[in-house]
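[1] Need coordinates for the following:
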Amino acid sequence: MSRTEDVLADAGPTTTTRPGREASPAGTLAVERARPRFSVRGLDVGFTRAGTHRRVVSGLSFDLFPGQCVAIVGESGSGKSVTARTLVGLTGAGSTVTAERLQFEGRDVAEFSEREWRRVRGAGIGFVLQDALVSLDPLRPVGAEIDEALRLHGWGSRRSRARKVVDLLTSVGVPSPQLRAGQRSGELSGGLRQRALIASALALDPDVVIADEPTTALDVTVQAQVLDLLAQTKDRGVSILLISHDLSVVARLADLVLVMRGGEVVERGTAQQVLTDPQHEYTKALIAAVPGEHTKGTRLVPPAAGADVAPVPAPRRHEPAPEPLLEARGLVKRFATAGGLRRTAVDGVSFTLHRGRTVGIVGESGSGKSTTARLALALTTPDEGDVTLLGEAWSTVPETRRRARRSSIAVVQQDPLSSFDPRWDVERILLDSLPAGHTGRTARGARVRELLEQVGLGEEVLPRSPLRLSGGQRQRVAIARALGSEPSILVLDEAVSALDVSVQAQVLDLLADLQERLGLSYLFISHDLGVIHHVSDEVLVMKDGRVVERGTADDVFRRPQEAYTQELVGSLPRLADARPTTAGTSTTGETR
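    Take a look at the predicted model:
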């Protein structure tokens, strides 16, 4: 058996391989003559909790060469992020790591002391974490965080570091970088926080960048900037290990792709091979779950045999509009900024949401999408304009008059974990959502179980805390909580942006089913153009607080009229972006 065949055998019997169709890494570097920066063979990672050992990565093998991007894709729990953390010595307490070979720059990482790891992290390996909100110190300006990475490695003077911080923030597309450098993470949007993390990871020009979901919180144009930056970094000879559930992002950047499921690699090959001609059924299902224009009016996840599900409504053409439930007219909202100035966040926004329909709002970070959602919810008072709910004044009346109608409109947020009381279990969270009319323990318990059934969860989750739920389960509980008040309208603010592609598909199908069964109306806020196209009847494109284009989803995305919309659509990464690579290695990443 050849060396290549030996490594492929290590991947396990379920691995889909491609005899005679060997992959090759990207770039102009002579990879076949290079030594891999990371060399991994037979990596196993497990955790012991309460006397029980669970293996989460099994038999993982790959090489990462200079100027090459290897992507690991798969759904939550597949072992992607554990692999990334293991490669930088941060696997965590209670972990067991074994491997036939686990080398960085030719050295066995098992020999690294913690002091050596501190030298390697940042200078040799840049690490971009997924969750920017908890990865940044909320008590320090983000500029100070980036400066610390430079200072701890003895880089430059205070003045030169300050210039470097601004340059780094500029390079990752942060507007007003000098201002943003002085702000804390809580003052920045999710996209700006993520960009600050990427800037910190690139600060010391490391030879390897491990990026764990680096574009999850980014809108499409900033995502394109970051991907261009990472591509330029790769072209300079930097090695990139990309962890992502976004297959379109993988197509844009990756040379080799490993598809993981349950801790094992089930398929590997070039990006073009895996993403345009998948062989394993799991890979095919992941690709089919990506929403976009081709999925409109269809289910993203085939129902299980015998399942009782409502059909996803077909796109509406010329049907007469049903009754309007929520109307916004000429909304304007301004906020005070540093120096006593006032910034207009929403400028003249109008829309009508009809029963059983979905209005999607898309735009870059800072375009005014979330502020518009808060105005619709009457959580923020407009400076001009008004909102009516069910034909009656909503935004212009006191909260005491709104309170009785609050149950008609509910919100599902991007991060349900932060919106749950961490001391409560799922049962108490859902009981708290029920209106006063549900009295009696038996009736209230029955309603809670009905809510779980509506979102596809069983009674076994009732005693669990939100921390013991997967991301998809938490979002389903958040939807169940929103349904508890029996609303007519759900406002969904980036409600699926943090979910991996398969779980996102399940949640989008669930929302379509609920809309069909209950006649719900959705105001759907997202930076993901594919999601907005898939779910929306009408689309509003926002920029700098204004609606610059509106129309049906097909008209806006297939025939955009405004230059800004054309730019958004043109920046959207697609699976077809996956390109063949040019130099010569096998699908394991080994040189031939």
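[2] Pull up the pairing partners for the one helix or strand Val97 maps to, direction included.
    Take DSSP states H and E as the rule and Val97 turns out to sit in strand 95-98. Partners of strand 95-98 in the sheet, by DSSP bridges, are strand 38-49 (antiparallel).
[3] Arg444 is in contact with Leu434, isn't it?
    Yes - proximity of Arg444 to Leu434 meets the contact threshold set by CB atoms under 8 Å, at 5.9 Å. C-betas here are computed from N, CA, C, even on glycine.
[4] ok, these two, which is more surrounded?
    Using other CB atoms under 10 Å as the criterion, Arg444 and Leu434 rank with Leu434 on top: 19 against 15.
[5] for the more buried one, what are its contacts?
    Counting by CB atoms under 8 Å, 6 or more residues apart in numbering, Leu434 makes contact with 444, 447-448, 484-485.
[6] can you rerun that using 7 Å?
    By CB atoms under 7 Å, 6 or more residues apart in numbering, the residues touching Leu434 are 444, 447, 484.
[7] What residues of the host helix or strand of the first one count as buried?
    Which is Arg444. According to DSSP H and E, Arg444 maps onto helix 441-454. Neighbour-count burial for helix 441-454 flags 445, 447-449, 451-452, 454 (criterion: 16 or more other CB atoms under 10 Å).
[8] name the helices or strands packed onto the longest helix anywhere in the chain?
    In the chain, assigned by DSSP state H, the helix with the most residues is helix 501-518. Contacts defined by 3 or more CB pairs under 7 Å, 6 or more residues apart in numbering; DSSP states H and E place helix 501-518 against helix 281-288, helix 471-483.
[9] wait, which of the buried residues of helix 441-454 is closest to Phe127?
    Taking CB to CB as the measure, Phe127 sits nearest to Leu452 out of the buried residues of helix 441-454, at 37.6 Å.
[10] Grab the nearest non-local neighbour of that closest one.
    Ala480 (6.1 Å; CB to CB, 6 or more residues apart in numbering).
[11] ditto for Gln103
    Closest to Gln103 by CB to CB, 6+ apart is Ser39, at 4.6 Å.
[12] what's around the one you found, how many residues?
    So Ser39, with other CB under 10 Å, has 20 neighbours.
[13] Residue ranges in the stretch 51-200 of the chain under the pLDDT threshold?
    Within the stretch 51-200 of the chain, the stretches with pLDDT under 70 are 130-134, 190.
[14] how about a cut-off of 90?
    51-54, 74-79, 81, 92-94, 128-139, 149, 171-175, 185-198 (pLDDT under 90).
[15] what are the ranges of the strands in it?
    Taking DSSP state E, counting those that start in this stretch to define them, one finds strands in the stretch 51-200 of the chain at 52-64, 69-73, 95-98, 101-104, 107-108, 125-128.
[16] Keeping just the C-alphas, turn the third one into PDB.
    The reference is to strand 95-98. Output of strand 95-98 as PDB, limited to C-alpha atoms (Å, rounded to 0.1, in the frame of the first residue of the first chain):
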ATOM      1  CA  SER A  95      -9.400  16.300  27.000                       C
ATOM      2  CA  THR A  96      -7.300  13.500  25.700                       C
ATOM      3  CA  VAL A  97      -5.300  14.000  22.500                       C
ATOM      4  CA  THR A  98      -3.400  11.200  20.700                       C
END
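[17] Which positions in it come out as buried?
    Quick answer for strand 95-98 (16+ other CB under 10 Å): Val97.
[18] Can you give the distance of that strand from its chain's centre?
    Here strand 95-98 is found 28 Å from its chain centre; the criterion is CA atoms, centre = their mean, to the nearest Å.
[19] Residue ranges in the stretch 451-592 of the chain under the pLDDT threshold?
    456-457, 466-475, 494-504, 506-507, 527-528, 568-592.
[20] ok, 80 please
    470-472, 498, 572-592 (pLDDT under 80).
[21] mind listing the helices for it?
    Secondary structure of the stretch 451-592 of the chain by DSSP state H, counting those that start in this stretch: the helices cover 471-483, 501-518, 529-535, 553-558, 563-571.
[22] okay, the angle between the second one and strand 69-73?
    In other words, helix 501-518. 40 degrees (axes from the mean of the first three to the mean of the last three CA atoms, to 10 degrees).
[23] Now do the same contact list for Val222.
    173, 191, 195, 364-365.
[24] Bridge partners for the residue nearest to Gln103, pull those for me.
    Under DSSP bridges, the beta-bridge partners of Ser39 are Asp63, Gln103.
[25] Local confidence estimate at it?
    On pLDDT, Ser39 comes in at 97.
[26] so which of the helices of the stretch 451-592 of the chain gets nearest Arg49?
    Among the helices of the stretch 451-592 of the chain, helix 471-483 comes nearest to Arg49, with 18.8 Å by CB to CB.
[27] packing partners for that closest one?
    Looks like helix 471-483 contacts strand 409-412, helix 416-419, helix 426-433, helix 441-454, helix 501-518 (3+ CB pairs under 7 Å, 6+ apart).
[28] Please convert the ones you listed to JSON lines, extending it with distance to Leu253.
    Output for these, formatted as JSON lines (distance: least, CB to CB, whole Å):
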{"stretch": "strand 409-412", "distance to Leu253": "31"}
{"stretch": "helix 416-419", "distance to Leu253": "29"}
{"stretch": "helix 426-433", "distance to Leu253": "38"}
{"stretch": "helix 441-454", "distance to Leu253": "39"}
{"stretch": "helix 501-518", "distance to Leu253": "16"}
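[29] most neighbours per residue, which of the ones you listed?
    strand 409-412 (a mean of 23; mean count of other CB atoms under 10 Å).
[30] and it, which strands flank it?
    When pairing is defined by DSSP bridges, strand 409-412 lines up against strand 489-493 (parallel).
[31] which residues touch the partner strand?
    Outside strand 489-493, the residues touching it (CB under 7 Å, 6+ apart) are 325-326, 353, 370, 373, 376-377, 408-414, 482, 520-525.
[32] list the contacts for Val535?
    Contacts of Val535 were listed using CB under 7 Å, 6+ apart, and they are 358, 360, 508, 524.
[33] now the helices and strands packed on helix 501-518 as a markdown table including mean neighbour count and distance to Thr98?
    Formatted as a markdown table, the helices and strands packed on helix 501-518 follow (neighbours: other CB atoms under 10 Å; distance: least, CB to CB, whole Å):
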| stretch | mean neighbour count | distance to Thr98 |
| --- | --- | --- |
| helix 281-288 | 18 | 25 |
| helix 471-483 | 23 | 28 |
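[34] Now tabulate those in a markdown table and tack on distance to Val491.
    Formatted as a markdown table, the helices and strands packed on helix 501-518 follow (distance: least, CB to CB, whole Å):
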| stretch | distance to Val491 |
| --- | --- |
| helix 281-288 | 29 |
| helix 471-483 | 9 |
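[35] I'd like to know which of those is closest to Thr565.
    helix 281-288 (26.2 Å).
[36] CA atoms only for that closest one, dumped as CSV, please.
    This file holds the C-alpha atoms of helix 281-288, laid out as CSV (Å, rounded to 0.1, in the frame of the first residue of the first chain):
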residue,chain,number,x,y,z
GLU,A,281,-24.7,11.5,0.6
TYR,A,282,-23.9,13.7,3.6
THR,A,283,-22.0,16.1,1.4
LYS,A,284,-24.8,16.2,-1.1
ALA,A,285,-27.3,17.0,1.7
LEU,A,286,-25.1,19.8,3.0
ILE,A,287,-25.0,21.4,-0.5
ALA,A,288,-28.7,20.9,-1.1
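[37] quick one: contacts of stretch 444-461?
    Stretch 444-461 is contacted from outside by 426-427, 430-431, 434, 438, 469, 473, 476, 479-480, 483-484, 510, 514, using CB under 7 Å, 6+ apart.
[38] hmm, 6 Å instead?
    With CB atoms under 6 Å, 6 or more residues apart in numbering as the test, stretch 444-461 has contacts from 426, 430-431, 434, 438, 476, 479-480, 483-484.
[39] Would you check which pair of those lies furthest apart?
    His438 and Arg476 (20.3 Å).
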